[in-house]
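# What shape does this take:
(2 chains)
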Protein chains: 2
Amino acid sequence: MRAWVEINTQEARLAADASTKRYEQGRALSAIDGMPIGIKDLLMTKDMPTRMGSPLYENNFPKQDSACVQALRAAGAVVLGKTVTTELGMSHPGPTTNPFSPEHTPGGSSSGSAAVIGACMVPAAIGTQVVGSVIRPASFCANYALKPTMGALNRGERQGFSQSHIGVHAGSLTDMWRVATEIAKRSGGDPGYPGLFGGPELHAAVRPARLVVMEAQGWSELDADTRSAFEELLSDLSGAGVEIIRRSSHSMVELFERAIGESLEITRDVCAYEMRWSLENLVQQFGGGLSDSLTSRLDIARQMTIDDYRLVLSRREAARTAHALIAHIADAIISPASIGPAPRLDNKGVDSGVVHTTGLPNYNAVTSLLGAPTITIPLLAVGGLPVGIQVVGQQHTDDRVAGISRWIAETIPARSI
Amino acid sequence: MRAWVEINTQEARLAADASTKRYEQGRALSAIDGMPIGIKDLLMTKDMPTRMGSPLYENNFPKQDSACVQALRAAGAVVLGKTVTTELGMSHPGPTTNPFSPEHTPGGSSSGSAAVIGACMVPAAIGTQVVGSVIRPASFCANYALKPTMGALNRGERQGFSQSHIGVHAGSLTDMWRVATEIAKRSGGDPGYPGLFGGPELHAAVRPARLVVMEAQGWSELDADTRSAFEELLSDLSGAGVEIIRRSSHSMVELFERAIGESLEITRDVCAYEMRWSLENLVQQFGGGLSDSLTSRLDIARQMTIDDYRLVLSRREAARTAHALIAHIADAIISPASIGPAPRLDNKGVDSGVVHTTGLPNYNAVTSLLGAPTITIPLLAVGGLPVGIQVVGQQHTDDRVAGISRWIAETIPARSI
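Sure thing, here's the model as predicted:
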């Protein structure tokens, strides 16, 4: 699948042996002591280069650990290697293929982290999400994954975006939660943020009384089979006693949908403006070497003024307010995690002017923009390829979203169409 | 004064010649086209190393510009050189001496930027402030200086602290404002922040109807001469028709003073926790090379849990709320900008457990913690050394604070004791 950029077998072996010794002496450091973990190659690892999916960073070797990697090592986890990212975490793909079909994309930008989980190579891998970079590839690769509340896991040095998040891909909700919470315990959240809340173990299963179905900018783009499979899943939830609330049945949900109805465009502009200075530096330093896709983002940024940015920030804030206003209506939001299964590698999806070949983020830009905790569960298969559903909560309720996700995963049968 | 780490005469000459040509052709890029500017050596300049006042960064040469430097060049300013910072912007001093006395500190951490302004070497220099690193040295070196609203000037890659700010030191309020606003226009604020508000030129002078005197943790530490000089200044303000409000005369001001009464301790803990991961990286990478002062900060951080950090964040938030609640009482806050003139180089001031040799931040931690726009004006001299006063406003009113500062500077005579 070409999901790893590099594996450091030697360091991993040493770390694993040290962990074995700790277990033999009854002194394991945490519930994830000894767990092999993949790290998205946007994040720093002191023993491996950080190439960020760009030829411009081919020789980048900071010899330091990102805050979350430092925390993982302190918890005894075994940092096995670096996983492939798209170019600087944006749209231009790396070489990774989908673990369920070599002709399909694994999604991006956390392409490698999603693929190694889908292929059961490691129990957990770290990803990052600014638009849809954790949840979409997790959906395509049958992962469980957490994109936590904005700021809940310390991004350390990678804070160029106001809506980027560290996320966790895993083979089970238990591993996903343990990795997230052991990181938060040791390196906290972003500076100024309270960090991930919740106990060290996965929340008990919580049956939601009500769930809001979110259409966002994905509903009209859903392929017919994915929509059928998702509607059947909603029927199962109704059958299990969960009230399903749709935009047509509640005026506040309709207002929420309108407030998030341009999440892709808002996200595109927020991110373009925020990455302008670092891209300009690369252009000045190297004179070239950016993909067409990244160049088109820079073009968008160059046309924006500070007032354009202020306006788009205020629209983001309005969407967050609309989200807060539906907190009382339901326990969580549910939707597909992507508009269908992974597209083929040679697809040319277009999201608001930028070409994507790793699938469209129509169900993901919205949760990044809201900074809302989101968990995907691999419950559907369409045409032999996985599609996840996602559960979305209010900020700082990550542990409860995990509890609801656990109940759904334990109660609702997976289905294949 | 040993205020410069490095001067790039060649690049500066080229930039200055290009500027001259633009003026000859009537095509100046901005009001600061051609202005020579010093850059604190915590910030990146593509043509000079970024040594950050630490031997561990002796060979650090990122070959990129920090966002604000990029903006300055785009506005036509001449980046003349890098100015001395204390070790990583914290307490351990660099070699710089005070421009008014070689036996006194220039203050820190923006030691070089303050000194080059005090000595009239350049019209403006860029500093940064997490605790008191712009306003205190500006007070000691007779600068005008702006520490803007939190997030108002883009920190680019330096976002490890939740209360750090880019600031501007200058020889006049006009130059100070022009530099700040030309930066904001081109590189905006921090990601997620609306950036500095206000027009391209310094706000018209605004006579405040009422000013609140802030005692903070400085009043009891003020030396007698500085207090006398400041009280005389308050009398002048009264004489000019400004109502002076003190904590003893208004219960809301008393509540505000209580809420900010531990700003030094809150700031110490917030910053210690937030810098832990980067300091741990340095310890692991180099095995040593941190000063005693920085090591003591790391020791504090290692004893903190995430819940300790959450608690101290909530106290900071309470202080910000208390500040917002006095908005209706007065047009701005006024206080000395430091507890007296620059101490001697061999002093060992102690702020909440950490040794400072660049003077104590008792009037500065509070404004950093509040994220409030603060301007210092060089209005006092005590024993032959400068002491600034500071004007503090509500967030996002930087331009009005500048207008009030302008009125004070134009109306109230400087006095020497």
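# Point out where chain A drops to low pLDDT.
A:157, A:351-352 (pLDDT under 70).
# Would the longest helix along it count as contacting chain B?
Looking across chain A with DSSP state H, the single longest helix is helix A:263-286. Yes: judged by Cβ under 8 Å from any Cβ of the partner chain, helix A:263-286 comes into contact with chain B through A:273-274, A:276-278, A:280-281, A:284-285. In this view, the C-beta of every residue, glycine as well, is placed from N, C-alpha and C.
# Can you show me the helices along the stretch 201-350 of chain A?
Remark: helices assigned in the stretch 201-350 of chain A by DSSP state H, counting those that start in this stretch are A:224-239, A:251-259, A:263-286, A:292-302, A:306-324.
# Could you say which of those is packed most deeply?
Mean neighbours per residue, mean count of other Cβ atoms under 10 Å in any protein chain shown, is largest over the helices of the stretch 201-350 of chain A for helix A:263-286, with a mean of 21.
# residue contacts, the spatially most central residue of chain A?
In chain A, the residue lying closest to the centroid (Cα atoms, centre = their mean) is residue A:134, at 2.0 Å. With contact set as Cβ atoms under 8 Å, 6 or more residues apart in numbering or on different chains, residue A:134 has these partners: A:110, A:113-114, A:127-128, A:145-147, A:165, A:167, A:169.
# let's see it at 6 Å
A:110, A:127, A:145, A:147, A:167 (Cβ atoms under 6 Å, 6 or more residues apart in numbering or on different chains).
# Next, the angle from the longest helix of chain A to helix A:292-302.
100 degrees (axes from the mean of the first three to the mean of the last three Cα atoms, to 10 degrees).
# what angle do helix A:263-286 and helix A:306-324 make?
140 degrees.
# So what's the gap between helix A:263-286 and the chain middle?
Distance of helix A:263-286 from the chain centroid (Cα atoms, centre = their mean, to the nearest Å) equals 20 Å.
# Verify the stated contact: residue A:393 with residue A:373.
Yes: here residue A:393 lies in contact with residue A:373, judged by Cβ atoms under 6 Å, at a distance of 4.9 Å.
# Mutual contacts of the two, please.
Common neighbours of residue A:393 and residue A:373 (Cβ under 6 Å, 6+ apart) are residue A:401.
# For the stretch 101-250 of chain A, just list every one of the strands.
A:124-129, A:144-147, A:165-170, A:210-213, A:243-245 (DSSP state E, counting those that start in this stretch).
# Show me how far the fourth one is from its chain's centre.
Same thing as strand A:210-213. 21 Å.
# what about dumping the CA coordinates of that strand to PDB?
The C-alpha trace of strand A:210-213 is given here as PDB (Å, rounded to 0.1, in the frame of the first residue of the first chain):
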ATOM      1  CA  ARG A 210     -32.300  11.600  20.000                       C
ATOM      2  CA  LEU A 211     -29.900  12.000  17.100                       C
ATOM      3  CA  VAL A 212     -29.900  14.800  14.500                       C
ATOM      4  CA  VAL A 213     -29.200  13.700  10.900                       C
END
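# and it, what does it pack onto?
strand A:243-245, strand A:332-336 (3 or more Cβ pairs under 6 Å, 6 or more residues apart in numbering or on different chains; DSSP states H and E).
# Sheet partners, orientation included, of that strand?
Strand A:210-213 pairs in its sheet with strand A:243-245 (parallel), strand A:332-336 (parallel), by DSSP bridges.
# Now do the buried residues in that strand.
A:211-213 (16 or more other Cβ atoms under 10 Å in any protein chain shown).
# related to what we said a few turns ago, any chance of the helices of the stretch 201-350 of chain A in TSV, plus distance to residue B:413?
Compiled in TSV, the helices of the stretch 201-350 of chain A are given as follows (distance: least, Cβ to Cβ, whole Å):
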stretch	distance to residue B:413
helix A:224-239	75
helix A:251-259	55
helix A:263-286	43
helix A:292-302	48
helix A:306-324	38
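# What backbone torsions are found at the nearest residue to residue A:284 once chain neighbours are set aside?
Closest residue to residue A:284 apart from its sequence neighbours, by Cβ to Cβ, 6 or more residues apart in numbering or on different chains: residue B:46 at 6.7 Å. Dihedral angles of residue B:46 (phi, psi; degrees, to the nearest 10) stand at phi -70, psi -20.
# got the residues of chain A near chain B?
A:63-64, A:67, A:70, A:156, A:159, A:161-162, A:187-188, A:191-192, A:194-195, A:274, A:277, A:281, A:285, A:306, A:309-310 (Cβ under 6 Å from any Cβ of the partner chain).
# circling back: which one of the strands of the stretch 101-250 of chain A lies nearest to residue A:264?
For residue A:264, the closest of these is strand A:124-129, at 14.4 Å, according to Cβ to Cβ.
# Please name every helix or strand in contact with that closest one.
Using 3+ Cβ pairs under 6 Å, 6+ apart: strand A:124-129 touches strand A:36-40, helix A:111-118, strand A:165-170.
# Serialize the ones you listed to JSON lines and add fields for mean neighbour count.
Shown next, in JSON lines, are these (neighbours: other Cβ atoms under 10 Å in any protein chain shown):
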{"stretch": "strand A:36-40", "mean neighbour count": "27"}
{"stretch": "helix A:111-118", "mean neighbour count": "33"}
{"stretch": "strand A:165-170", "mean neighbour count": "29"}
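# that older thread, which of the strands paired with strand A:210-213 is buried the deepest?
strand A:332-336 comes out most buried of the strands paired with strand A:210-213 by mean count of other Cβ under 10 Å, with a mean of 27.
# what is the orientation angle of it with helix A:224-239?
150 degrees.
# how far off helix A:251-259 does strand A:332-336 point, in degrees?
Using the same axes, to 10 degrees: strand A:332-336 against helix A:251-259 is 50 degrees.
# contacts for strand A:332-336?
With Cβ under 6 Å, 6+ apart, strand A:332-336 has contacts from A:208, A:211-212, A:214, A:230, A:363, A:389-393, A:404.
# What is the distance between stretch A:404-417 and the centre of its chain?
The answer for stretch A:404-417 is 20 Å, by Cα atoms, centre = their mean.
# got the CA positions of it in PDB?
C-alpha atoms of stretch A:404-417 as PDB (Å, rounded to 0.1, in the frame of the first residue of the first chain):
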ATOM      1  CA  ILE A 404     -22.600   7.100  22.100                       C
ATOM      2  CA  SER A 405     -20.300   5.700  19.400                       C
ATOM      3  CA  ARG A 406     -19.700   2.700  21.500                       C
ATOM      4  CA  TRP A 407     -23.400   2.000  21.900                       C
ATOM      5  CA  ILE A 408     -24.000   2.400  18.200                       C
ATOM      6  CA  ALA A 409     -21.100   0.100  17.400                       C
ATOM      7  CA  GLU A 410     -22.300  -2.500  19.800                       C
ATOM      8  CA  THR A 411     -26.000  -2.300  18.900                       C
ATOM      9  CA  ILE A 412     -26.300  -1.600  15.200                       C
ATOM     10  CA  PRO A 413     -25.200  -4.300  12.800                       C
ATOM     11  CA  ALA A 414     -22.700  -3.400  10.100                       C
ATOM     12  CA  ARG A 415     -24.200  -3.700   6.700                       C
ATOM     13  CA  SER A 416     -22.900  -4.300   3.200                       C
ATOM     14  CA  ILE A 417     -24.600  -3.200  -0.100                       C
END
